[in-house]
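J.: Provided below are the primary sequence and the corresponding predicted coordinates.
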Amino acid sequence: MSSKNLNPTCCCNESTSESSDCCNETIIIGFKEKTEPCPVCENNGMLVGSITVKHMVLDELVEQVLDDNYHLCTNEKCDIAYYNLKSNSTFETKDIKVPIWFKKDADPKYACYCNKITEDQVIKTVIEKGLTNMKDIVLGINGNMECHCKTKNPTGKCCSKVFNSIINKGLSIKNSKRNNITH
Ligand SMILES: [Zn+2]
């Protein structure tokens, strides 16, 4: 028996999506593309637009954000969040309004930034309510669903891929606990 979520959904639909390409698979795959290395840890980063960085940094730092693309350092151990090598402009994780979920010590760990839903909430909902699709889970927790990935998610892209991997994590926890449930 498979514990995988076979019907992944996304937070975005025509009525609320401000960016129809936020879930575009080729853009999401861009996460793994080789790009400019982080000036501190030298890991390759992920391309992020200026608009996303402007919405992520603390209000007093917005003016310092260039009208140019940045890279997001994807190394969980590195304190650098965004960097632009050409202009030597960098922002650290402490300069960002929300914890970046894949960085060490991220608290809370958001599964969906648009709807402010944490990894723990998703896992709990999968286990307790048996929901296995992103839309049902977001609606179950929040009652409504918003999509502003370009300005709310640190990557500027849709969280659906990460969200669905958390659903699968919840399902496997649920399956491993099954023997212990008495009711
Ligand atoms: Zn780094």
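T.: Structure's in. What do you need? Residues are numbered from 1 along each chain as shown.
J.: what is the longest helix seen in the chain packed up against?
T.: When the chain is parsed with DSSP state H, its longest helix is helix 160-177. Counting contacts by 3 or more CB pairs under 8 Å, 6 or more residues apart in numbering; DSSP states H and E, helix 160-177 packs against strand 110-112, helix 119-129, helix 134-142. No exception for glycine: its C-beta is placed from N, CA and C like everyone else's.
J.: go through it and flag the buried ones.
T.: Ser160, Val162, Phe163, Asn164, Ile166, Ile167, Gly170, Leu171, Lys174 (16 or more other CB atoms under 10 Å).
J.: avg pLDDT for it?
T.: If you average the pLDDT over helix 160-177, you get 93.
J.: so what's the residue nearest to the spatial centre of the chain closest to, chain neighbours aside?
T.: Among the residues of the chain, the one closest to the centroid is Cys159, at 4.5 Å (CA atoms, centre = their mean). The spatial neighbour of Cys159 that comes closest, neighbours along the chain excluded (CB to CB, 6 or more residues apart in numbering), is Cys112 at 4.9 Å.
J.: distance of the one you found relative to the ion?
T.: 24 Å (CB to the ion, to the nearest Å).
J.: touching, that residue and Lys161? I think so.
T.: No: here Cys112 lies out of contact with Lys161, judged by CB atoms under 8 Å, at a distance of 11.4 Å.
J.: Ile117: what's it in contact with?
T.: Tyr110, Ala111, Ile137, Val138, Ile141, Asn142 (CB atoms under 8 Å, 6 or more residues apart in numbering).
J.: and of those residues, the nearest to Leu61?
T.: Tyr110 (20.5 Å; CB to CB).
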